[in-house]
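J.: predicted structure and sequence below. I'll ask about it afterward.
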Amino acid sequence: VKKMKSSAFEKCSSLTKVEILSRLDEIEDSCFSYCENLTQINIPSSTTKIGNSCFSSCSLLETIILLENSNLQKKGHLSFEKVSIENNTIPPLITKISDNCFKNCKNLKNVNFMANSNLQIIGESAFENSGLQEITIPPLVTRISDNCFKDCKNLKNVSFIANSNLQIIGENAFENSGLQEITIPQKVSDLGSCAFFNCLSLNKVNLSDNSEISVIKFRTFAKTSINKIKIPSNVSVIAEEAFSWCNELTTLKLTEKSKLKTFDEFSFNHDNGITTIYGLSETNITSVQLPFSLVIPILNVINGECSA
């Protein structure tokens, strides 16, 4: 048997374990979906593709055995949605984790990548509303897509391998997650709207001085617990409500030779506590509307003078 056809075992409620001993190249769409009592399956090393919704709603599926020499290259949309796995290892030939792949996997705690991972894209809502607690993003990943880790309330730690190639963090990518600190790789140039919106535990954001981000977009860091932030030199615009509802934010610092051109009071709207802005001298800034909460002198303002 080289291929398991679409829906071949769909809704087989008596099926509890699948052991595949022969060569198998492909498991097609919905092949085992809604097998409510399936607890374990091994995927042969020869398998290159798992179809859309293949194991979707296998609510008791806890063990998926993948060999180290796995040739798996594609996991389809919703392929593991609502399964009960706690740990998952992504084979090295996978280049994309498909949209919704592990969505609603409430028991999922850890995802591991092999050292030679070729992963480049983590798809939309890939881990949305899962129980994921931590993840290390492989170095070849260029895109974390929209809603990727949204509502992952147990997600405390996201780390990146040195020399990360990450370029895009999508809209709402980490919204309402449990992140406490994040270091955004230097090559990220597109940081989506609401990317960290409502991350109530997020108190520290690390951005390198030479970060390629040019715009901090609508509500990117709104409703977080950030208390201070350093804006990279390439940022030219801080958009409306970018830091709104950041009640702990007191200090904004601009890097030397900042390209910031404009921000207004609505960038820091809604009871923001910002009191100090550092480093406005020697910038290209053309428009400033200061937050109402700014009640103490600004340090290093335009022309290097201090004013209240």
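T.: Nice, I can see it.

J.: pretty sure Val235 sits against Glu212.
T.: No: taking Cβ atoms under 8 Å as the contact criterion, Val235 and Glu212 are not neighbours in contact, 9.9 Å apart. Quick note: C-beta positions are derived from backbone N, CA and C, even for glycine.

J.: okay, those two: which has more neighbours?
T.: Just comparing Val235 and Glu212: by other Cβ atoms under 10 Å the higher neighbour count belongs to Val235, 22 against 16.

J.: tell me who's in contact with the more buried one.
T.: Contacts were defined as Cβ atoms under 8 Å, 6 or more residues apart in numbering; by that measure Val235 touches Ser211, Ile213, Ser214, Val215, Ile216, Ser258, Lys259, Leu260.

J.: wasn't it part of a strand?
T.: No: the assignment for Val235 is coil, going by DSSP: H, G, I helix; E, B strand; the rest coil, so no strand is present there.

J.: got the phi and psi for it?
T.: phi -70, psi 120 (degrees, to the nearest 10).

J.: quick one on the thing from earlier: the contacts of Val235 in strands, which ones?
T.: Assignment to strands by DSSP state E places the following of the contacts of Val235 there: Val215, Ile216.

J.: separate out the buried members of the contacts of Val235.
T.: If you count burial by 16 or more other Cβ atoms under 10 Å, the buried members of these come out as Ser211, Ile213, Val215, Ile216, Ser258, Lys259, Leu260.

J.: low-confidence bits of the protein, can you list those?
T.: By pLDDT under 70, the weakly predicted segments of the chain are 264-266, 270-276, 278-308.

J.: quick one, helices of it?
T.: With DSSP state H as the definition, the chain shows no helices.

J.: and stretch 15-29, how far from the chain's centre?
T.: Going by Cα atoms, centre = their mean, to the nearest Å, the spacing between the C-alpha centre of stretch 15-29 and its chain's C-alpha centre is 31 Å.

J.: got the buried residues for it?
T.: Per 16+ other Cβ under 10 Å, stretch 15-29 contains these buried residues: Leu15, Val18, Ile20, Leu24, Glu26, Ile27, Glu28, Asp29.

J.: and the gap between the first one and Cys58?
T.: If you measure Leu15 against Cys58 using Cβ to Cβ, to the nearest Å, the figure is 9 Å.

J.: tell me, what's touching these two both at once?
T.: For the pair Leu15 and Cys58, residues contacting each of them under the criterion Cβ under 8 Å, 6+ apart are Phe32, Cys35, Leu38.

J.: nearest to Thr47, of these?
T.: The nearest member of these to Thr47, counting by Cβ to Cβ, is Phe32 at 13.1 Å.

J.: the closest one and Phe55 touch, don't they?
T.: Yes: between Phe32 and Phe55 a contact is recorded at 5.2 Å, counting by Cβ under 8 Å.

J.: quickly list what's touching both of these two.
T.: Common contact partners of Phe32 and Phe55 (Cβ under 8 Å, 6+ apart): Leu38, Ile41.
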